[in-house]
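Undergrad: Need a 3D model of the following:
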Amino acid sequence: MQYVSKKSKVTLMILLLLLNLVIRIPSIPHEKGWDSYFIHALANSITTFGTANWWHNWLSVFGLYPYSYASAIPFSLSGLANLTGLTSLDMEITILIFSIILGLFSIFTAYVFAGIFYNDFLFKYFMAFFFSVSQGILTFSTWEVSARGPFIIFLPLFIFILLKKMHYTRSLPLLLSIGFFLMATHHYFYFLIPLVGMFIFLKIISRFNFKWENRNYLNYIYVFGILSVFMIPFFTRSMISAGSRYDWLVYVLFISVRNIGPPLIFAFGGYLYLILKDDKTFEDRYFLGMVLIFLPFLYEQKYGIYLLILFITLAIAIALRNMVDFRIKASKFTAIFLIAILLSSVAFSTYYNHGRTERTDNYWYMEDVTYKASVWTNKYIPDGSHGIGTGGETWRLFPTSDAHPAIPTGGAVIAAYGLINISEAEVLKSSPKSSDYYFEGPYSLKAGTSVWGLTNWMLELNDIDDVRAISYINKFNMTYIIEDVRSYRIIMNSVRNKKANIFDNGRIRLWLI
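TA: Numbers count the residues shown, from 1 in each chain. The predicted model follows:
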């Protein structure tokens, strides 16, 4: 073990905090992302109405009922906004503060999590470093609020309490508290079940005094098992929605590198070390067991990698800590090599945190032209007004303007601003045998009845004076159409000919209907 003085520890932690702060200083004019604006709107509604209008029953708290959403983050954001006074048009500043706090918090959750495995400062420091600056964490903790980000950042704390040797009278209340918080944060909470299940399974085995030592054949069985579970989705296409399965493997690698960075290559070394390690601890076996369970989810390109960021960065930290221990004969070279790894990780994450390689009509952040339009609508559009958005930047204008006007952008937002009475929604029970039952909730909307679907249908009509369009407008008390000129909808041809334009800044137009 390499000794690190107390002064050096303090210095290194301060530098890591400063790095995480600087790397999150925005280089863009406004809030980024898409889900962020959805949560932005929900948080605004809580501040405005003093309650969550999307709560119909207890399932709504966890986003498991139609027109609902997991409530922890909207409430946290609204609370911070009221505490700082940064509400309405200033909510995006609240989101910036919230995301930076969350990013800095990730340092400490990763640090204490690593201490469960090895009580060594450099190992814990490597873990905190690579976890907090990985692009998968930075994406959701740099001027963007999400449900996934907080879940992944709080997850190490949950596992820490689960594995920490403490009396159940202390650990159980903490586990339940964080568990309910995570349940109200994201539907990822289902994965807490295997996390707890693996812990219980290993505890039961240990009670039978099973001897793990000198059973090297178990390592080979494990390697066979890990290859098998990884290839199951490949052969069954259970998580491959389209295209070649070989292309999908390439995408898995691409997405992993994109969210972890160049140090990903060292994860294989750390992982192999744990597999072949003779004196495995309870925590080592727990780590290997969870990787065995979660690895197949890498094929799920939208969400899978986020489940594994924690375990991948732990393997990276193990590999680099072993490298430090091995540096006796080549200390200078090893030090330079480690610095290069750290710098490459920071450079990679910084680049993707402040830029993108693709160009589209809708930027990855809100353009200033949209913000200026939201300032105008916030000032001149009356409270409680409803409108129809054509898509694109109108999704961002709605929350930024503090719902001046409110537009149906989908899900809980529709209920939050009174565009529908949830008790009147046509709701069906889902089958417990379907995946939707667990990830979307025990209930779903009857096909063809969602407000968002009706809105899209109306926008594809040819005439704004069509009796069907008029019926829709009257039903939801719509007064305005907000048009993003880069998001074309068929009905806008007749709107431009028949309705009055009351605002136009080149990108956003407002029509009185």
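
Undergrad: From now on I want contacts and neighbour counts done on CA atoms only, so please keep to that.
TA: OK.

Undergrad: what ranges of this structure fall below the confidence cut-off?
TA: 1-2, 210, 212-214, 327-331, 357-362, 435, 438-439 (pLDDT under 70).

Undergrad: what domains does the record give for it?
TA: In terms of domains, the chain is parsed into 6-30+86-354, 368-410+450-512 (source: automatic domain parsing).

Undergrad: Using TSV, lay out the ones you listed together with mean neighbour count and distance to Leu80.
TA: Formatted as TSV, the domains of the chain follow (neighbours: other Cα atoms under 10 Å; distance: least, Cα to Cα, whole Å):
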stretch	mean neighbour count	distance to Leu80
domain 6-30+86-354	18	7
domain 368-410+450-512	19	16
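
Undergrad: Quick one: the strands in the stretch 301-450 of the chain, in order.
TA: Using DSSP state E, counting those that start in this stretch, the strands found in the stretch 301-450 of the chain span residues 387-389, 427-429, 443-445.

Undergrad: of those strands, which approaches Thr455 most closely?
TA: When the strands of the stretch 301-450 of the chain are compared by Cα to Cα, strand 387-389 sits nearest Thr455, at 7.6 Å.

Undergrad: so what does the closest one touch, helix or strand wise?
TA: Contacts defined by 3 or more Cα pairs under 8 Å, 6 or more residues apart in numbering; DSSP states H and E place strand 387-389 against strand 480-484.

Undergrad: got the CA coordinates for the strand it packs on in CSV?
TA: Presented in CSV, the C-alpha positions along strand 480-484 are these (Å, rounded to 0.1, in the frame of the first residue of the first chain):
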residue,chain,number,x,y,z
TYR,A,480,-52.8,29.9,-28.9
ILE,A,481,-50.6,27.9,-31.3
ILE,A,482,-46.9,28.2,-30.7
GLU,A,483,-45.0,27.4,-33.8
ASP,A,484,-41.3,26.4,-34.2
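
Undergrad: quick revisit: mind checking which of the domains of the chain is nearest Tyr69?
TA: Using Cα to Cα, the nearest of those to Tyr69 is domain 6-30+86-354, at 8.6 Å.

Undergrad: before we move on, back to that, same list (the domains of the chain) but as a markdown table, adding distance to Ser431.
TA: Below are the domains of the chain laid out as a markdown table (distance: least, Cα to Cα, whole Å):
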| stretch | distance to Ser431 |
| --- | --- |
| domain 6-30+86-354 | 17 |
| domain 368-410+450-512 | 20 |
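
Undergrad: looking at the ones you listed, which is closest to Glu426?
TA: So among the domains of the chain, domain 368-410+450-512 is nearest, using Cα to Cα, at 8.7 Å.

Undergrad: Span of the closest one from start to end?
TA: Chord length of domain 368-410+450-512, first to last residue, is 23 Å (Cα to Cα, to the nearest Å).

Undergrad: And stretch 457-471, by the same measure?
TA: 13 Å.

Undergrad: contact partners of it?
TA: Contacts to stretch 457-471, defined as Cα atoms under 8 Å, 6 or more residues apart in numbering, come from residues 390, 472, 489-495.

Undergrad: and which of those is nearest to His40?
TA: Thr390 (19.2 Å).

Undergrad: so what's the residue nearest to Ile226 when sequence neighbours are not counted up against?
TA: Nearest residue to Ile226, sequence neighbours excluded (Cα to Cα, 6 or more residues apart in numbering): Leu292, at 5.7 Å. Leu292 makes contact with 225-226, 229, according to Cα under 8 Å, 6+ apart.

Undergrad: ok, and Leu292, which helix or strand is that part of?
TA: According to DSSP states H and E, Leu292 maps onto helix 282-294.

Undergrad: now the helices for the stretch 301-450 of the chain?
TA: In the stretch 301-450 of the chain, the segments counted as helices under DSSP state H, counting those that start in this stretch are 304-325, 331-354, 368-380, 394-400, 412-416, 435-439.

Undergrad: my bad, the stretch 51-200 of the chain
TA: Using DSSP H, counting those that start in this stretch, helices in the stretch 51-200 of the chain cover 58-61, 72-84, 91-117, 121-133, 135-138, 148-163, 168-183, 192-207.

Undergrad: nearest to Ala319, of the ones you listed?
TA: Closest among these, using Cα to Cα: helix 121-133, at 9.3 Å.

Undergrad: could you say what helices and strands that closest one packs with?
TA: Contacts defined by 3+ Cα pairs under 8 Å, 6+ apart place helix 121-133 against helix 6-23, helix 91-117, helix 304-325, helix 331-354.

Undergrad: Of those, which is nearest Ile381?
TA: Across the helices and strands packed on helix 121-133, Ile381 has its closest neighbour in helix 91-117 (18.4 Å, Cα to Cα).
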